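Asks: With the input below, show me the fold.
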Amino acid sequence: MKTIKGPAVFLAQFMDDKAPFNSLDGLCQWASALGYKGIQIPTDLSLIDLAKAAESQTYCDEFKGKINSYGLEITELSTHLQGQLVAVHPAYDAMFDNFAPEHCKGKPKARTEWAIQQVKDAATASRRLGLKAHGTFSGSLLWHTMHPWPQRPDGLVEMGFEELAKRWIPILNHFDEQGVDVCYEVHPGEDIHDGVTFERFLEATNNHKRVNILYDPSHFVLQQLDYIEYIDHYHEFIKAFHVKDSEFNPTGKKGAFGGYGDWRDRAGRYRSLGDGQVDFKTIFTKLTKYGCDVWAVMEWECCIKSPEQGAREGVKFITDHIIEATEKRFDDFAGSEADDAHLRKILGLN
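Replies: Below is the predicted model:
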């Protein structure tokens, strides 16, 4: 068993153009003052220069030193947006161009090449920063066929995962050279969105050892998937952990697909920690029991509560759920050394 590290916070949803959320120093000071011990850092240029981090150990040492000066550790870097752009179906080109730099907008091939280099740079930067895991998205070539109407032709899904793997294998190989695991956030909208699709991707990459999971139960509640049993199936792959709550309240008018409603109007929606339906007590127990070496990173995406309140409450919530893994059994006091003869006597075999 292993004690989960934390509490930590994912900075992505807190970045803003107003202080203290408009700079790395401001975010670090804010997170530290709240009591967080770690931060997961989105690789936005306003926070980190990935190309420079990939090239310069001095830059990474200074970057890490700045964060450590606030009493914080880096849990992981994140390339969720760039990972998404590794594989974009043309139907989504216009909307996903919002995540691309100006010189790539309207140029899908250039956008993909930029995204791949970004994720590779994040691998090198992670190694220079002493990190062992990295959070990202898989991207999606097949999501538009998730509900099979019109009916999917035979071989489409297999070809889709073959192409997804073809794009990712060079990236995975680079991560392997850096000694860093790729943790795909299993998420609706991605080709890797549940257990079956994770296994499809793993198989398509010939069981690449750097293919791992960023576990976030909130997405499984929205899919009505057993997020507890998921840990039993895939605990050996869980190398990163988002602590995010959610709820699913279907009615006679709406269910999992949500009727194109805004988040607050959907049956499935994200909530601040403790306000939703996720059984975190069992999750922390399972992850601890299986020895998952992860940081408990709060991700805030509540459609009702303010981010400031969610962040304040998140520190205590995570702290209260972290289990200090025991190194002894409760009945050790009753144990006794025994040799083979003594064991045979207990069993009545003498």
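
Asks: Spit out the contact partners of the residue lying closest to Ala12 once chain neighbours are set aside.
Replies: Nearest residue to Ala12 in three dimensions, chain neighbours excluded: Pro42, at 4.2 Å (Cβ to Cβ, 6 or more residues apart in numbering). From N, CA and C alone the C-beta is placed, and that goes for glycine too. Contacts of Pro42 were listed using Cβ atoms under 8 Å, 6 or more residues apart in numbering, and they are 10-12, 15, 77-78, 80-81.

Asks: Could you dump those into JSON lines and include pLDDT?
Replies: Listed next are the contacts of Pro42 as JSON lines, based on pLDDT from 0 to 100:
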{"residue": "Phe10", "pLDDT": "98"}
{"residue": "Leu11", "pLDDT": "98"}
{"residue": "Ala12", "pLDDT": "97"}
{"residue": "Met15", "pLDDT": "97"}
{"residue": "Leu77", "pLDDT": "98"}
{"residue": "Ser78", "pLDDT": "98"}
{"residue": "His80", "pLDDT": "98"}
{"residue": "Leu81", "pLDDT": "97"}
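
Asks: Identify the farthest-apart pair in these.
Replies: The most widely separated members of those are Met15 and Leu77, with 14.6 Å between them, by Cβ to Cβ.

Asks: So what sits opposite the residue nearest to Ala12 in the bridge?
Replies: Taking DSSP bridges, one finds Ser78 as the beta-bridge partners of Pro42.

Asks: just to revisit the earlier point, now, among the contacts of Pro42, which is nearest to Thr58?
Replies: If you rank the contacts of Pro42 by distance to Thr58 using Cβ to Cβ, Leu77 comes first, at 17.7 Å.

Asks: neighbours around that closest one, how many?
Replies: 25 (other Cβ atoms under 10 Å).

Asks: Now do the contacts for the closest residue to Phe220 other than its chain neighbours.
Replies: In space, and not counting its chain neighbours, Phe220 is closest to Tyr227: 3.8 Å by Cβ to Cβ, 6+ apart. For Tyr227, the contacting residues are 217, 220-221, 278, 283, by Cβ under 8 Å, 6+ apart.

Asks: With secondary structure and pLDDT added, can I get these in TSV?
Replies: Formatted as TSV, the contacts of Tyr227 follow (DSSP: H, G, I helix; E, B strand; the rest coil; pLDDT from 0 to 100):
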residue	secondary structure	pLDDT
Pro217	helix	98
Phe220	helix	98
Val221	helix	98
Val278	coil	98
Ile283	helix	98
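
Asks: Same list, those residues, but as CSV with neighbour count and distance to Asp191 please.
Replies: As requested, the contacts of Tyr227 are exported to CSV (neighbours: other Cβ atoms under 10 Å; distance: Cβ to Cβ, whole Å):
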residue, neighbour count, distance to Asp191
Pro217, 25, 20
Phe220, 24, 16
Val221, 23, 20
Val278, 23, 24
Ile283, 21, 25
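
Asks: how about those, which pair is most distant?
Replies: Top of the distance list for the contacts of Tyr227 (Cβ to Cβ): Val221 and Ile283, 11.6 Å.

Asks: looking at this protein, which helix or strand does the model trust least?
Replies: Least confident helix or strand of the chain, by mean pLDDT, DSSP states H and E, is helix 340-346 with a mean of 89.

Asks: residue boundaries of the helices in the chain?
Replies: Assigned by DSSP state H, the chain shows helices spanning 24-34, 50-55, 57-68, 80-86, 93-96, 108-128, 156-178, 195-204, 217-223, 227-234, 280-289, 307-321, 340-346.
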